[in-house]
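S.K.: need a 3D model of the following:
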Amino acid sequence: MKKILFLLLIGLAIFTACSSSSDSDSTSDGTSDTDADSDSDSDGDSDGDTDGDSDGDSDGDSDGDSDTDGDSDSDGDSDADSDTDGDTDSDGDSDNDGDSDSDGNADTESNADTGSDTGNENDTDSVFHVFLLIGQSNMAGGQTPNSEDKQENERVKVLGYDDCASTGRKYNEWDLAAPPLHSCWSNGIGPGDYFGKTLIEAYPEGHTIGLVPCAIPGVDIDFFRKGVVSERRSEFTIPPDNHWDSAYDWVIERARLAQNEGGRIDGIIFHQGESDWTDELRAVWVDKVKGIVEDLRSDLDLGDIPFIAGELLYSGCCKAHNDLIHQLPDVISNAHWVSAEGLNGVDDYHFDAAGVRIFGQRYGESMIDALKLSK
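M.R.: Take a look at the predicted model:
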């Protein structure tokens, strides 16, 4: 009898010890939580998740179904991830983008998916659109501007062509665009002025235009060819101090300066040909222009940006050259030409002031079309 009683006492002691080792941390619905902390979740169970919801641990769910990461979801569906912001997803998990993370790790996306598309450039983005102005005297301009021509728009800039005391402009420094865009001594209006005035109307507020003037009056097409020194090099000056062998290198330097200061080169406008009027020069002119455009696009990593050439004056010396200008879109991708029809000149070569204004507007309208903008 004593032996039996002794065995009963030992069994009772073992049973008591096993009962006391159970987790005293229990939820109000009678289920026990295996987490080491005792934070209470809103449904009465103990949760180890730092944001207080029921994701990320092995707490009890009201319906007894379990998530793939060991926790219970209020709707019984498997929830695979928990977000760090504590917001509740429509299926009961705490992922604010609604996506499931298959490995059960927490989703760390910080922005909620509202269904809006923020990947596209919107109207309030600040974009600096840069355009290169290349050619000879008709691109440089030379007709006397009036007061309207001189009106500035704070959204249209010009990269200084030279140091100009009358305007206060400095070489290779940005300023508000107003004539003269090119050489200070000319004090003239060119197509670039009304090109900028027209084009800016197609861009939303916050966008700006940067004009990079690179025309030199009187030069032949070889001046702008890469690795070529024109036979007429000694006749002309390349800003700022005439040290360049080729105007191509000068254009590249100014274009890269614009790029390095946040500009995006979106197009080139071009007017040249009066100095290449002989049959011999005309025979190779189209191929030379093609080479210049291809080299600029490649060296500046511009892609297939628009290239727009302008016709020469219908009266005077060089109307026949327009047939070559019309060929440019056939040999240069994304190339276009603008008409000089109806425009008058002051001599055999140069447009008058009214013609320059209209010509600039036509360049601007053509660029708007080429860039698929809308006014």
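S.K.: got the contact list for G345?
M.R.: Neighbour list for G345: L313, S315, G316, F351, D352, G355 [criterion: C-beta atoms under 8 Å, 6 or more residues apart in numbering]. All C-beta atoms are positioned from the backbone trio N, CA, C, and that covers glycine.
S.K.: send me the host helix or strand of K288 as PDB with only the CA atoms.
M.R.: Using DSSP states H and E, K288 maps to helix 279-299. What follows is helix 279-299, C-alpha atoms only, in PDB (Å, rounded to 0.1, in the frame of the first residue of the first chain):
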ATOM      1  CA  ASP A 279      27.400  73.300-109.600                       C
ATOM      2  CA  GLU A 280      30.500  71.600-108.100                       C
ATOM      3  CA  LEU A 281      29.600  72.500-104.500                       C
ATOM      4  CA  ARG A 282      25.900  71.800-104.900                       C
ATOM      5  CA  ALA A 283      26.700  68.300-106.200                       C
ATOM      6  CA  VAL A 284      28.000  67.200-102.800                       C
ATOM      7  CA  TRP A 285      26.100  69.500-100.500                       C
ATOM      8  CA  VAL A 286      23.300  67.000 -99.500                       C
ATOM      9  CA  ASP A 287      25.800  64.300 -98.500                       C
ATOM     10  CA  LYS A 288      27.800  66.800 -96.500                       C
ATOM     11  CA  VAL A 289      24.700  68.000 -94.600                       C
ATOM     12  CA  LYS A 290      23.700  64.400 -94.000                       C
ATOM     13  CA  GLY A 291      27.200  63.700 -92.500                       C
ATOM     14  CA  ILE A 292      27.000  66.700 -90.200                       C
ATOM     15  CA  VAL A 293      23.600  65.600 -88.800                       C
ATOM     16  CA  GLU A 294      24.700  62.000 -88.300                       C
ATOM     17  CA  ASP A 295      27.900  63.100 -86.500                       C
ATOM     18  CA  LEU A 296      26.000  65.500 -84.200                       C
ATOM     19  CA  ARG A 297      23.400  63.000 -83.300                       C
ATOM     20  CA  SER A 298      26.100  60.400 -82.600                       C
ATOM     21  CA  ASP A 299      28.600  62.500 -80.700                       C
END
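S.K.: quick one: residues contacting the nearest residue to K319 once chain neighbours are set aside.
M.R.: Of all residues not flanking K319 in the chain, L312 sits nearest, at 6.5 Å (C-beta to C-beta, 6 or more residues apart in numbering). Residues in contact with L312 (C-beta under 8 Å, 6+ apart) are N138, G273, E274, C318, K319, H321, N322, I325, A340.
S.K.: one more time with 10 Å
M.R.: By C-beta atoms under 10 Å, 6 or more residues apart in numbering, L312 lies in contact with 138, 271-274, 277, 318-322, 324-325, 340, 345, 349, 351.
S.K.: likewise G360?
M.R.: Contact analysis of G360 by C-beta under 10 Å, 6+ apart lists 141, 149, 189-199, 269, 310, 338.
S.K.: secondary structure class for it?
M.R.: helix (DSSP: H, G, I helix; E, B strand; the rest coil).
S.K.: which element, helix or strand, includes the nearest residue to it once chain neighbours are set aside?
M.R.: Leaving out its chain neighbours, the residue that sits closest to G360 by C-beta to C-beta, 6+ apart is Y194, at 2.9 Å. Per DSSP H and E: Y194 is located in helix 191-200.
S.K.: paired strands for the helix or strand following that helix, with orientation please.
M.R.: Reading on from helix 191-200 to the C-terminus, the next helix or strand found by DSSP H and E is strand 208-215. For strand 208-215, sheet partners with direction are given as strand 128-135 (parallel), strand 156-159 (parallel), following DSSP bridges.
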